[in-house]
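> I'd like to go over a predicted model; first the sequence, then the structure.
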Amino acid sequence: MAKTDEGRRRFIVSMAQNVAIATVGSLLWSAYVDEAKAAPLVLRPPGARKEDEFISLCIKCGLCVEACPYDTLMLAKPGDHKPLGTPYFIPREVPCYMCDDIPCVPPCPTGALDIDSVSEVKDGERIFDITKMRMGVAIVDIKNCIAYWGIQCDACYRACPLLDKAIYMEYRQNERTGKHAKLLPVVDPDYCTGCGLCEHACVTEIAAIKVLPRDVALGKVGKHYVKGWEKSDEARLHGSQGIETTVTPRSQKSPVDSLNEGIDFE
Amino acid sequence: MSRIWKKYRYLILRRLTQLTILALYLAGNYLGWKVLQGNLSSSVLFGTIPLADPYALLQIFATGAMVAADAIIGALIIALFYGIVGGRAFCSWVCPVNMVTDGANYLRRKFNLDKYERKWWASRNIRYWVMGLSFILSFLLGTAAFEMVSPVSITHRGIIFGMGFGWAMIVAIFLFDLFILKNGWCGHICPLGGFYSLLGRFNLVRVEHNQPNCTLCMRCKEVCPEKEVLFMVGKKSMQVKMGECTLCGRCVEVCDDDALYFRLRDFLDKGARDVS
Ligand code: SF4
Ligand code: SF4
Ligand code: SF4
Ligand code: SF4
Ligand code: SF4
């Protein structure tokens, strides 16, 4: 009897050991991966899907990197502090030159770069349109942009492939001198592709215009604001029930009555 | 010279294959050669044929992502190739980490470390657990979990696209295999090796043992990175059936008595003559 008991104990303890090793291992492993895959500030290649889809699809083959004629794209190395092996670019070093034929997207074997997001098939022929890509959006730092100081500069504006759409120059009076004009670069996120040619061209020591991932840089209004002056936006109100009022016991009387009665804290 | 060739022919051929493949990938990146582009995770052969690592693809499937056709076709081609030729031929003929772990193993034999070291026991099945875990973690974390830590990818990608701190991983594996556990990484932990071991059950190419020739010198077991697969040596004439065999051919070349050689798979199993 005692012998089988000993055997059983041995079995249970060794099972427990195995389970513990597996648990410790997978906790460490998943903790590392979960941290390592989170990189909100990384800029992805043209046509990349949303970051969470991208990070599950990209097989880290580097075919996009090899296809880029400008060596814009890089694969993250250990030590780059980006999700390991995934492609990214740093516009201040090498921006994306917005190739018309977008050589970097079609080689992607897994669809992490979505060819349909930057092209259309017309009569059986694929027509690329690089202006449809949205790798990020340029943001101007108006404290450090010398044009906002009143010094004449339009380097970013001239570098932009979508000049006058993605960046336009806004006229303003120079209030300091009273007699000069300022021409200020302003980015329109509806057109900006995030190529980073502006950031690359910026004349200041650290670029005063920077490309950031769109979901980091852009806000979101929410659906409860309606542009009443735009027909299409106004149309969202069709079929709505009008203004809904929340009714509580206190809101049944008029506010004046409520205030005059005072509040019963009992 | 011919003696060196006889003793090391497969080793030499394997190193040549490994280095040629690496060189072709490097030329693909730096010189734009269209023979092999990409890396071992996924590549393009001759500018047209897609290839992909089936294990990496399974992890991507586990995340629930919809994968484009190229990667699926590529993974099928690779799975078929290794499924037919021999699963772990990948390990001994292609994988760059193999050179690191073989190096550690060589030094181990040279300095007789086996004899003096403190022994750990570790199951060679850990790799299958790691493989199972990698699918679960891929599902939970939404990214191919082993691909985030894989020394195979880090090494191979590192050589082709820039190493960064990746060398630390290589050093770690080398030291682990040299001082901590014999055949530690490739023989116990690497789930990619485990995956190819499973594929290897369908091998066409096999190592065969001819028992009557065997003089029981046991040199084959000394060099074999997966010595369990040679359990029949000196006991029984049969083919090595276990998928863990890496088809490295080291046992074949160290055997002075012609008791081990490569053969095509014996489907009828008539090689298994019992001689006890
Ligand atoms: S569009 Fe051209 S420049 Fe930009 S990443 Fe692709 S290949 Fe490189
Ligand atoms: S080609 Fe696609 S899968 Fe390969 S590294 Fe680029 S994005 Fe990732
Ligand atoms: S990133 Fe700069 S250069 Fe590129 S489209 Fe946007 S504003 Fe223009
Ligand atoms: S290049 Fe830089 S400093 Fe010049 S206008 Fe553009 S953002 Fe301002
Ligand atoms: S076991 Fe893993 S690391 Fe070792 S050779 Fe095979 S694939 Fe490479």
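Good, I have the coordinates. Everything numeric in this text was worked out from a predicted model, so none of it was measured. Ligands and ions are numbered 1, 2, ... in the order given.
> care to break chain A down by domain?
A:51-132, A:137-215 (automatic domain parsing).
> How about chain B?
B:2-198, B:204-264.
> hmm, the last one in reach of ligand 5?
Going back to what we said before, that points to domain B:204-264. No - applying CB under 6 Å from any ligand atom, one finds domain B:204-264 out of contact with ligand 5, separated by at least 7.1 Å. Every C-beta, even on glycine, is put in place using the N, C-alpha and C of the backbone.
> I'd like the distance from that domain to the chain centre, please.
Put simply, domain B:204-264 sits 17 Å off its chain's centre (CA atoms, centre = their mean, to the nearest Å).
> ok so, going back, could the domains of chain A be laid out in a markdown table, adding distance to ligand 2 and mean neighbour count?
Conversion of the domains of chain A to a markdown table gives the following (distance: least, CB to the nearest ligand atom, whole Å; neighbours: other CB atoms under 10 Å in any protein chain shown):
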| stretch | distance to ligand 2 | mean neighbour count |
| --- | --- | --- |
| domain A:51-132 | 3 | 20 |
| domain A:137-215 | 16 | 17 |
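> nearest to B:A27, of the ones you listed?
domain A:51-132 (10.9 Å; CB to CB).
> just the residues of the stretch 51-200 of chain B that are near ligand 5, which are they?
Counting by CB under 6 Å from any ligand atom, the stretch 51-200 of chain B sits next to ligand 5 at B:C91, B:C95, B:V97, B:N98, B:T101, B:V152, B:W185, B:C186, B:C190, B:L192, B:G193.
> Quick one: list the elements packing against the strand or helix carrying A:F54.
Using DSSP states H and E, A:F54 maps to helix A:51-57. Helix A:51-57 sits against helix B:54-63, with contacts defined as 3 or more CB pairs under 8 Å, 6 or more residues apart in numbering or on different chains; DSSP states H and E.
> what about the helix it packs on, near ligand 2?
No - on the criterion CB under 6 Å from any ligand atom, helix B:54-63 is out of touch with ligand 2, staying 9.4 Å away.
> list the buried ones in that helix?
Of all the residues in helix B:54-63, those buried under the rule 16 or more other CB atoms under 10 Å in any protein chain shown are B:P54, B:Y55, B:A56, B:L57, B:L58, B:Q59, B:I60, B:F61, B:A62, B:T63.
> just those residues that are near chain A?
Near chain A, taking CB under 8 Å from any CB of the partner chain as the test, the members of these found are B:A56, B:L57, B:I60, B:T63.
> Cross-check the contact I'm expecting between the first one and A:I59.
Yes - under the criterion of CB atoms under 8 Å, B:A56 is in contact with A:I59, at a separation of 5.5 Å.
> Common neighbours of the two, please.
Residues touching both B:A56 and A:I59 (CB atoms under 8 Å, 6 or more residues apart in numbering or on different chains): B:S41, B:S42, B:A144, B:E147.
> Got the phi and psi for the last one?
In terms of degrees, to the nearest 10, the main-chain angles of B:E147 are phi -60, psi -20.
> burial measure for it, as a count.
Neighbourhood size, B:E147 [other CB atoms under 10 Å in any protein chain shown]: 26.
> Ignoring the adjacent residues along the chain, who's closest to it?
Excluding its sequence neighbours, the residue lying closest to B:E147 (CB to CB, 6 or more residues apart in numbering or on different chains) is B:A56, at 5.4 Å.
> who's in contact with the one you found?
A:I59, B:S41, B:S42, B:A75, B:A144, B:F146, B:E147, B:S153 are the contacts of B:A56 under CB under 8 Å, 6+ apart.
> Can you name the residues that contact the fifth one?
Yep, that's B:A144 we're talking about. With CB under 8 Å, 6+ apart, B:A144 has these contacts: A:S56, A:I59, B:A56, B:Q59, B:I60, B:A62, B:T63, B:S134, B:S138.
> which one is it nearest to, not counting chain neighbours?
B:A144's closest residue in space is B:Q59 (CB to CB, 6+ apart), at 3.7 Å.
> any weak-confidence spans in chain A?
Residue ranges of chain A with pLDDT under 70: A:1-3, A:250, A:263-266.
> Show me which residues of the stretch 101-250 of chain A sit near ligand 1.
Residues of the stretch 101-250 of chain A lying close to ligand 1 by CB under 6 Å from any ligand atom are A:I102, A:P103, A:C104, A:I130.
> Pick out whichever of those sits closest to A:D71.
Among these, and counting by CB to CB, the member closest to A:D71 is A:C104, at 11.1 Å.
> neighbours around residue 260, how many?
Because you didn't say which chain, this covers chain A. For A:N260, using other CB under 10 Å, the count is 9.
> ah, no, chain B please
25.
> do the same with the one 4 residues further on
The number of residues packed around B:L264, counting by other CB under 10 Å, is 11.
> Kindly report the same for B:L113.
What B:L113 shows, counting by other CB under 10 Å, is a neighbour count of 15.
> That one reaches B:L178, doesn't it?
Yes - if you go by CB under 8 Å, B:L113 and B:L178 touch, sitting 7.3 Å apart.
> what do these two both touch?
Common neighbours of B:L113 and B:L178 (CB under 8 Å, 6+ apart) are B:L107.
> Let me know the next secondary structure element after whatever helix or strand B:L11 lives in.
In the assignment (DSSP H and E), B:L11 maps to helix B:2-30. Remark: after helix B:2-30, the chain's next helix or strand is strand B:36-39, criterion DSSP H and E.
> now the strands for the chain?
The chain I'm using is chain A. All strands of chain A, identified by DSSP state E, fall at A:74-75, A:87-88, A:119-122, A:125-128, A:137-140, A:167-174, A:180-187, A:209-212.
> wait, I meant chain B there
With DSSP E as the criterion, chain B has strands spanning B:36-39, B:42-45, B:49-52, B:205-209, B:236-239, B:260-264, B:273-274.
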